[in-house]
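> Here is a sequence with its predicted model. Questions after.
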Amino acid sequence: MSMVKGKIFVAGHLGLVGAALVRRLQSVGFYNILVGTRDEVDLRSRDAVWSFFEKNRPEYVFVAAAKVGGIAANMAEPVSFLVDNLEIQNNLLLACQHFKVTKTVFLGSSCIYPRESQQPMKEEYFMKGPVEPTNESYAIAKIAGIRLAQALSQQYDLNVICPMPCNVYGPGDHFDLDRSHVVSALVRRFIEAKRNDLKKVTLWGTGNACRELLHVDDLAEACIFLLKNYDSPEIINVGSGQDLTIRKLAETIATIVEYSGKLEWDITKPDGMPRKLLDVSKLHKLGWKHDIDLKRGIRTVVNDFEARYPLK
């Protein structure tokens, strides 16, 4: 594979996953990496995307651009979570086909699986039931992206793969409480509670929902591994194959940041999907497994927060 010399476009390079992809590609010797800020190429605009592809002619494309957020943001902005993501992925995937990109990686999400899915979730459970209502717009957009990628493969022989990651965390995530994912939100809550000497922290839900977590650097490595070793438009799960309750996660993060106050749970707030654990046996059979354990990974988020928001 001539990837080292080929132009690689990472769409969404300022986001959590996109930034990790750029870091990983550079660390293993890929130097011809294309990126574009929203000012340079608004991915919601077909004309802007077409113009970027016409000018730069990328050979490999990672579609890691998306409007993302936690439960609160998904519930508050269902229209933009649906429309923005549909526009971004439609423009990018259609451009990949039109400009004959050598290989495309379309990143999905484990939220595409049914809310009541059997656990762990195998790839064949996709489209076998309704998704979780609290992030339905995002999930439906991702489902449409998968189906478009597969249709382009079927009709035009687009060489595309569709990794489905579990909950991803790591440095570079949002710490804005309305937009952040669970790990970064909890890290911020506990560090600020400790700094302000708060005696308790109140968290959403019962704490009983289970989540599988994967460090973003592991996801980036898995995506590059799949680019080289996987050649089917059928979805493939990417995760750690291990999960834990939100309560246990919160207790772990509180311990790492040395917050000793009380944890309270607001059961009037939603838990989201009761459990999301991926079956990663397909990926393991190809020869890839995650490397970064949860405590080590959480420390990278703690360090990131403390570097970006130092105690004044």
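All right, it came through fine. Since the model is a prediction, treat every value here as computed from it, not as a measurement.

> So which residues of the stretch 201-312 of the chain form strands?
Using DSSP state E, counting those that start in this stretch, the strands found in the stretch 201-312 of the chain span residues 210-215, 236-238, 243-245, 262-266, 275-276.

> Identify the bridge partners of the residue nearest in space to the middle of the chain.
With distances taken as CA atoms, centre = their mean, the chain has Val168 as the residue nearest its mean C-alpha position (5.3 Å). Beta bridges link Val168 to Leu214 when assigned by DSSP bridges.

> Can you check the pLDDT for it?
Looking at Val168, its pLDDT stands at 95.

> Please tell me I have it right and it contacts Gly18.
No: using CB atoms under 8 Å, Val168 is not in contact with Gly18, being 11.5 Å away. To be clear about C-beta, it is placed using only N, CA and C from the backbone, and glycine gets the same treatment.

> Burial check on the closest residue to Leu34 other than its chain neighbours, number of neighbours?
Spatially, and ignoring its direct neighbours in sequence, Leu34 is nearest to Phe9 (4.3 Å; CB to CB, 6 or more residues apart in numbering). A total of 26 residues lie near Phe9 under the criterion other CB atoms under 10 Å.

> Which secondary structure element is home to Phe9?
strand 8-11 (DSSP states H and E).

> Compute the first-to-last residue distance for stretch 109-129.
With CA to CA, to the nearest Å applied, stretch 109-129 spans 16 Å between its terminal residues.

> same deal with stretch 258-269?
End-to-end span of stretch 258-269 (CA to CA): 26 Å.

> Now it: buried residues?
Neighbour-count burial for stretch 258-269 flags 259, 263, 265 (criterion: 16 or more other CB atoms under 10 Å).

> Go through those residues and name the one nearest Asp84.
Checking the buried residues of stretch 258-269 against Asp84 by CB to CB gives Trp265 as the nearest, at 32.0 Å.

> Leaving out sequence neighbours, find the closest residue to that closest one.
With CB to CB, 6+ apart, the residue lying closest to Trp265 is Gly207, at 5.0 Å.

> Report whether the expected contact of that neighbour with Glu251 is present.
No: with contacts defined as CB under 8 Å, Gly207 does not count as touching Glu251, sitting 9.1 Å away.

> Could you tell me which residues touch both of these two?
Counting by CB atoms under 8 Å, 6 or more residues apart in numbering, the shared contacts of Gly207 and Glu251 are Leu263.

> right, and His98 touches Arg57 too?
No: the criterion here is CB under 8 Å, and His98 misses it with Arg57 at 11.5 Å.

> quick one: average pLDDT of stretch 94-103?
For stretch 94-103, the mean pLDDT works out to 98.

> Any idea how far it is from the middle of the chain?
Put simply, stretch 94-103 sits 23 Å off its chain's centre (CA atoms, centre = their mean, to the nearest Å).

> residues making contact with it?
Stretch 94-103 has contacts (CB under 8 Å, 6+ apart) with 6, 46, 49-50, 52-54, 57-61, 104, 148, 152, 156, 158-161, 227.
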